[in-house]
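Asker: Here is a sequence together with a model predicted from it:
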Amino acid sequence: MSLRGKVAVVTGASRGIGRGIALQLGEAGAKVYITGRDPKNKKVDPSLPTLESTAQEITKRGGQGIPVYVDHANDTQVKQLFEQIANENKDQLDILVNNAFAAADSPTLFEGKTFWENEPELWDTLTNVGLRSNYVASVYAARLFVKNNRGGLIVNVSSAGGKAYFFNVAYGVGKAGVDRLTADTAHELKLYKVAVVSLWPAQVKTELVQNKVEKEELPPHLLEYFKKGLPTSESIEYSGKAVVALATDPDVLNKTGKIFTTAGLGKEYGFKDIDGREIEVNSRYIELLKS
Ligand SMILES: NC(=O)c1ccc[n+]([C@@H]2O[C@H](COP(=O)([O-])OP(=O)(O)OC[C@H]3O[C@@H](n4cnc5c(N)ncnc54)[C@H](O)[C@@H]3O)[C@@H](O)[C@H]2O)c1
C-alpha cells in the first residue's frame with residue numbers, strides 16, 4: 001500500500017491501458033479518480049468493461065475508485081473534474097495520468113489509408129482527445145500542484161509512434177506532440193518539483209484489440225500483426241506497474257521531461273507483468289529513443 005493517502009486521476013480509464021493503470025494505482029492504495037464518457041452519449045459495446053466496474057475493482061483491491069463522467073473533448077467538464085478533486089481533497093492532487101484517446105474505437109485508425117485518402121477531420125479525431133486533452137488536463141492539474149507546493153507526477157501515455165511511422169500520419173504527429181508536451185511542461189514545472197514523463201507501452205493486450213482480433217474486424221495486415229503479437233503482448237496492468245514504480249520513486253524528478261518504455265522501467269525497477277513474465281525491452285524502441 002505504498003500509495004496510501006495519495007490522490008490520483010487517470011483519464012480514459014473505463015478500459016484499456018488507462019484501466020490497467022488505475023487498477024494498479026488502486027492496488028497500491030491510492031484514491032483514484034477515473035474518467036470516461038457518459039454511456040448515454042456514446043455507443044456502448046456491452047463486452048467492454050465500464051467506468052463503474054473499473055471503480056469497483058479499484059476499491060476491491062484496497063484503493064478507492066471514484067468514477068466521474070468526463071468527455072475530454074469538453075474543456076468545461078475537465079475543469080469541473082479538477083474542481084471536484086480540489087473540493088473533495090483540500091486541494092490535494094499527487095498524480096495525473098493523461099491517457100484518454102479517442103481514436104482507437106474509430107475504424108479509421110486501423111484502415112491503413114494514406115493521409116490524403118482520409119478526410120482532414122481525421123486530424124481532429126486523433127489529436128483533440130489524445131493531445132489537446134492532455135494539455136487541458138495538465139493546465140488544471142498544474143494549478144493544484146503549484147498551489148500545494150508538494151511536488152507531483154504527470155504521466156503522459158504515448159507511443160513509439162512519436163518517433164516512427166505507425167498506423168497513419170496524424171497518429172504519429174499526435175504522439176510526437178505528446179512527447180514534446182512532456183518535455184516542455186517538465187521544463188516549466190521542474191521548479192515546483194513536479195515530474196512529467198512520457199510512457200511508451202509496447203503492444204498491449206487491450207480488451208478492444210482482443211475483440212477486434214476475435215471478430216476479425218481489422219484489415220489483413222493489421223490482423224496478422226496483432227495476432228502474431230498478442231501472445232507476447234503486455235497486459236494493460238504492466239503500464240500500471242510502471243506508473244506505480246515512478247510514483248513511489250523518491251528520485252523521479254531525475255526522469256522529468258523524458259520518454260520511458262514500460263519494459264525499460266520494468267528492468268530498472270525490477271517489476272514483472274501480472275502473469276510473472278519478464279517483458280523484453282524492444283530493441284527498435286531503444287534505437288528510436290537514441291535518435
Ligand atoms: N494498445 C496498445 O497496444 C498501445 C500501445 C502503445 C501506446 N498506446 C497508447 O495508449 C493510450 C491508450 O490506448 P488504449 O489502447 O488503451 O485505447 P482504448 O481505446 O482501449 O482506451 C482509450 C480510453 O479512452 C477513453 N476515451 C476515448 N475518448 C474519450 C473522451 N472523449 N473522453 C473521455 N474518455 C475517452 C475510452 O473510453 C477508453 O477508456 C493511447 O494513447 C494509445 O496510443 C496503446
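Answerer: Happy to help now that I have it.

Asker: Could you tell me which residues of the protein lie near the ligand?
Answerer: Residues of the chain lying near the ligand by CB under 6 Å from any ligand atom: 12-18, 35-37, 70-73, 99-102, 104-105, 129-130, 157, 159, 201, 203-204, 206, 208-209. Using the backbone N, CA and C atoms, a C-beta is placed for each residue, glycine as well.

Asker: Would you state the strands of the stretch 1-150 of the chain in chain order?
Answerer: 7-10, 31-36, 64-69, 95-98 (DSSP state E, counting those that start in this stretch).

Asker: would JSON lines of those with mean pLDDT and mean neighbour count be doable?
Answerer: Output for the strands of the stretch 1-150 of the chain, formatted as JSON lines (pLDDT from 0 to 100; neighbours: other CB atoms under 10 Å):
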{"stretch": "strand 7-10", "mean pLDDT": "98", "mean neighbour count": "28"}
{"stretch": "strand 31-36", "mean pLDDT": "98", "mean neighbour count": "27"}
{"stretch": "strand 64-69", "mean pLDDT": "98", "mean neighbour count": "19"}
{"stretch": "strand 95-98", "mean pLDDT": "98", "mean neighbour count": "28"}
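
Asker: Any chance of those strands in TSV with distance to Val196 as columns?
Answerer: Compiled in TSV, the strands of the stretch 1-150 of the chain are given as follows (distance: least, CB to CB, whole Å):
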stretch	distance to Val196
strand 7-10	15
strand 31-36	19
strand 64-69	22
strand 95-98	9
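
Asker: Tell me who's in contact with the residue in the stretch 101-250 of the chain that the ligand sits nearest to.
Answerer: The nearest approach of the stretch 101-250 of the chain to the ligand comes at Ala104, 3.2 Å away (CB to the nearest ligand atom). With contact set as CB atoms under 8 Å, 6 or more residues apart in numbering, Ala104 has these partners: Gly16, Thr206, Leu208.

Asker: Same question for Ala176.
Answerer: By CB under 8 Å, 6+ apart, the neighbours of Ala176 are Gly162, Lys163.

Asker: residue ranges with poor pLDDT in the stretch 1-150 of the chain?
Answerer: 1 (pLDDT under 70).

Asker: show me where it has helices.
Answerer: 16-27, 51-60, 75-88, 122-127, 133-148 (DSSP state H, counting those that start in this stretch).

Asker: May I see those organised as JSON lines, with mean neighbour count and distance to Asp273 added?
Answerer: Listed next are those as JSON lines, based on neighbours: other CB atoms under 10 Å; distance: least, CB to CB, whole Å:
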{"stretch": "helix 16-27", "mean neighbour count": "28", "distance to Asp273": "10"}
{"stretch": "helix 51-60", "mean neighbour count": "19", "distance to Asp273": "18"}
{"stretch": "helix 75-88", "mean neighbour count": "16", "distance to Asp273": "30"}
{"stretch": "helix 122-127", "mean neighbour count": "19", "distance to Asp273": "28"}
{"stretch": "helix 133-148", "mean neighbour count": "20", "distance to Asp273": "26"}
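
Asker: Adding distance to Lys193, write those out as TSV.
Answerer: Output for those, formatted as TSV (distance: least, CB to CB, whole Å):
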stretch	distance to Lys193
helix 16-27	20
helix 51-60	27
helix 75-88	19
helix 122-127	30
helix 133-148	9
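
Asker: of all those helices, which lies closest to Arg284?
Answerer: Evaluated over these, closeness to Arg284 peaks at helix 16-27, with 19.8 Å, by CB to CB.

Asker: ok, residues contacting the closest one?
Answerer: So helix 16-27 is in contact with 3, 8, 10-13, 32, 34, 49, 54, 57-59, 61-65, 95, 97, 99-100, 104, 155, 157, 201, 204, 206-208, 235-241, 243-244, 247, going by CB under 8 Å, 6+ apart.

Asker: Strand 31-36 and that one, what's the angle between them?
Answerer: Angle between the axes of helix 16-27 and strand 31-36 is 160 degrees (criterion: axes from the mean of the first three to the mean of the last three CA atoms, to 10 degrees).

Asker: Need the CA coordinates for helix 16-27. PDB is fine.
Answerer: The C-alpha coordinates for helix 16-27 follow below in PDB (Å, rounded to 0.1, in the frame of the first residue of the first chain):
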ATOM      1  CA  GLY A  16      -7.500  -0.400 -22.000                       C
ATOM      2  CA  ILE A  17      -4.200   0.900 -20.700                       C
ATOM      3  CA  GLY A  18      -6.000   3.600 -18.600                       C
ATOM      4  CA  ARG A  19      -7.900   0.900 -16.800                       C
ATOM      5  CA  GLY A  20      -4.800  -1.100 -16.100                       C
ATOM      6  CA  ILE A  21      -3.000   1.900 -14.700                       C
ATOM      7  CA  ALA A  22      -6.000   2.800 -12.500                       C
ATOM      8  CA  LEU A  23      -6.200  -0.800 -11.100                       C
ATOM      9  CA  GLN A  24      -2.500  -0.800 -10.200                       C
ATOM     10  CA  LEU A  25      -2.700   2.600  -8.500                       C
ATOM     11  CA  GLY A  26      -5.700   1.300  -6.600                       C
ATOM     12  CA  GLU A  27      -3.800  -1.900  -5.600                       C
END
